[in-house]
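A.B. asks: Model the following, please.
(one chain, ligands or ions: 1)
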Amino acid sequence: MELIIFFIVGLMVGSFLNVVIYRLNLAESIFWGRSHCPHCKAKINWYDNIPLLSFILLQGKCRYCGEKISWQYPIVEFSTGLSFILLAEIFLQNHSWLNWLEVIFYLVLVSLLIVILVYDLKFLKIPLLIIWLAVAWTSAYYLLVDSFNFPVLINFWDSRFLSGLIGGAIASSFFLFLVIISREKWMGMGDVYLGFLIGLVIGWPNILLVLMLSFLLGSVVGLTLVISKRKKMSSQLPFGPFLIISLFLIIFLLKFFPAIDSYLRFYY
Ligand SMILES: [Zn+2]
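C.D. replies: The predicted structure is shown next:
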């Protein structure tokens, strides 16, 4: 039952994230003004704005002008719902307020990352406003967790904030290096800031896992697109989505196999 509630909340948040992605690009206000069809400008009624369901009932077309509604809408809604279920399943354990705080931290963080991922795919740009929001959110939560754990912090990497700063510094300087030697051909400055956020979230030394996985995913997908002739060797493939998906995968992996974490820490 609890998981169904998380799924429904996730669908509604996903629907809001679609609005954020759309209005962020137009620099419209995110909170004011009713939703309207981008094609015919007709206001969308609440019954045509139900996540997932309305898309199916309307068969993916605007009620008024018949223009196709982008697949982005149901995909983002469904993925957000699915991420919320997964996060609840993994992080919701004893229902203490500290545990709830952890769950809420991840729900908000993942929502912000979904916005960055879709925005980068769609516009080949990283929305810096969302990056800074996520950096502030993560720093505030990690500082709070550290202050609770303060007396038992033995090693510097037991502090989530310090280990995050080191992870962020390493990832962002690595991307900055790639930006400089490629003159912004392989990576853009947006990836440098995103790298900092990803490193801050996952910390040192786990950032190494995320970087390795993201380059692996990036080359597999890049080569597949080139071989299937969907893309040319020279065409741009945004790197942000690979970083974000790798971060999700490594967070889940570490939660299921905590031994990897201690193994890495032992060797670095
Ligand atoms: Zn329309």
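
A.B. asks: Return the residues of the stretch 1-150 of the chain in contact with the ion.
C.D. replies: 37, 39, 40, 62, 64, 65, 67 (Cβ under 5 Å from the ion). In this view, the C-beta of every residue, glycine as well, is placed from N, C-alpha and C.

A.B. asks: Would you check that residue 78 makes contact with residue 13?
C.D. replies: No. With contact defined as Cβ atoms under 8 Å, residue 78 does not count as touching residue 13 (11.8 Å).

A.B. asks: Looking only at neighbour counts, state which of the two leads.
C.D. replies: Taking other Cβ atoms under 10 Å, residue 78 and residue 13 do not tie; residue 13 has more neighbours (21 against 17).

A.B. asks: tell me the domain boundaries of the chain?
C.D. replies: 1-92, 126-268 (automatic domain parsing).

A.B. asks: Which one of those domains lies nearest to residue 118?
C.D. replies: Closest of the domains of the chain to residue 118 is domain 1-92, at 5.4 Å (criterion: Cβ to Cβ).

A.B. asks: what separates that closest one from the chain centre, distance-wise?
C.D. replies: Offset of domain 1-92 from its chain centre (Cα atoms, centre = their mean, to the nearest Å): 16 Å.

A.B. asks: next one: stretch 97-107
C.D. replies: Distance of stretch 97-107 from its chain centroid, counting by Cα atoms, centre = their mean, is 17 Å.

A.B. asks: In that stretch, which residues are buried?
C.D. replies: Residues of stretch 97-107 classed as buried: 102, 103, 105, 106, 107 (neighbour count, 16 or more other Cβ atoms under 10 Å).

A.B. asks: My read is that the last one contacts residue 86, right?
C.D. replies: The reference is to residue 107. No. Residue 107 is not in contact with residue 86 according to Cβ under 8 Å; the separation is 10.7 Å.

A.B. asks: Quick one, which of the domains of the chain gets closest to residue 120.
C.D. replies: The minimum distance between residue 120 and the domains of the chain falls on domain 126-268, with 3.8 Å, by Cβ to Cβ.

A.B. asks: what's next to stretch 86-93, contact-wise?
C.D. replies: Under the contact criterion Cβ atoms under 8 Å, 6 or more residues apart in numbering, stretch 86-93 has outside partners 2, 3, 6, 99, 100, 102, 103, 106, 107, 110, 252, 255.

A.B. asks: before we move on, what SS does the last one have?
C.D. replies: Put plainly, it is residue 255. Put simply, residue 255 is helix when judged by DSSP: H, G, I helix; E, B strand; the rest coil.

A.B. asks: and it, what does it touch?
C.D. replies: Each residue near residue 255 by Cβ under 8 Å, 6+ apart is listed here: 90, 91.

A.B. asks: Kindly state the pLDDT recorded for it?
C.D. replies: Confidence at residue 255, expressed as pLDDT, is 84.

A.B. asks: again with residue 114
C.D. replies: Among the per-residue scores, residue 114 shows a pLDDT of 97.
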